[in-house]
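Peer 1: Quick one, fold the following:
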Amino acid sequence: MWRSSFIYIQGVKPRTKFIIGGVLVIGTAGYLAASAIRDTGVYYLTPGELSAKTKADPTFYNTGVKVGARVVNGSIVRDPGGREVAFRMTDGAQTYDVVYRGITPDTFTDGVDVVVEGRLGRDNTFRATTLLAKCASRYENAPEKYKNTPGYKKAEQKVVSS
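Peer 2: Coordinates of the predicted model:
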């Protein structure tokens, strides 16, 4: 015989049913939160550290990671008519080819520091899903000790005249 409640267990008090239901809801929410954090939590490495990780543990290939490095000068190749860009990144010790499909930041140029998020394939090509370019040093204020140098004055004149 069914009553108005969803679960009818003979001899169980309504308060106990409420506690059991609450534990189930909180447990489900906790599981979903933990799995979401695990999926979005990625490592932040340099190319040298990434190389060491993949040598020590070959299963580390195709694992989501963040890598911070510098774009190698002259290595940027843009797909004509598309949004794909290929370039090389390095930390001085290790260099990787990177392929990224998406809109690149305005500050993405040769020699800029980047943070890429994605997966390193067994072919040692990093397939990035996110590309962040750090602001170039030209946007930062120069330290006072450099303001009287000939190079700083020359650069300052270029900026003023353009």
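Peer 1: all contacts plus neighbour counts: C-alpha atoms, from now on.
Peer 2: Noted.
Peer 1: which helices and strands does the helix or strand where R119 lies pack with?
Peer 2: Using DSSP states H and E, the element containing R119 is strand 113-120. Applying 3 or more CA pairs under 8 Å, 6 or more residues apart in numbering; DSSP states H and E, one finds that strand 113-120 contacts strand 65-71, strand 125-133.
Peer 1: Report the contact partners of the residue nearest the centre of the chain.
Peer 2: When CA atoms, centre = their mean is applied to the chain, the residue found nearest the centroid is E117 (3.3 Å). Residues near E117 by CA atoms under 8 Å, 6 or more residues apart in numbering: G64, V65, K66, V67, A128, T129, T130, L131.
Peer 1: which non-adjacent residue is nearest it?
Peer 2: K66 (4.3 Å; CA to CA, 6 or more residues apart in numbering).
Peer 1: picking up where we left off before, which member of the contacts of E117 is positioned nearest K55?
Peer 2: Closest approach between the contacts of E117 and K55, by CA to CA: V65, at 15.3 Å.
Peer 1: So what pairs up with that closest one in the strands?
Peer 2: For V65, the beta-bridge partners are Y43, G118 (DSSP bridges).
Peer 1: In this structure T90 contacts S75, no?
Peer 2: No: the criterion here is CA atoms under 8 Å, and T90 misses it with S75 at 11.0 Å.
Peer 1: Between the two, which is the more surrounded one?
Peer 2: Just comparing T90 and S75: by other CA atoms under 10 Å the higher neighbour count belongs to T90, 21 against 15.
Peer 1: how much space between that one and Y96?
Peer 2: To Y96, T90 is 7 Å away according to CA to CA, to the nearest Å.
Peer 1: Overlap of the contact sets of those two?
Peer 2: P47.
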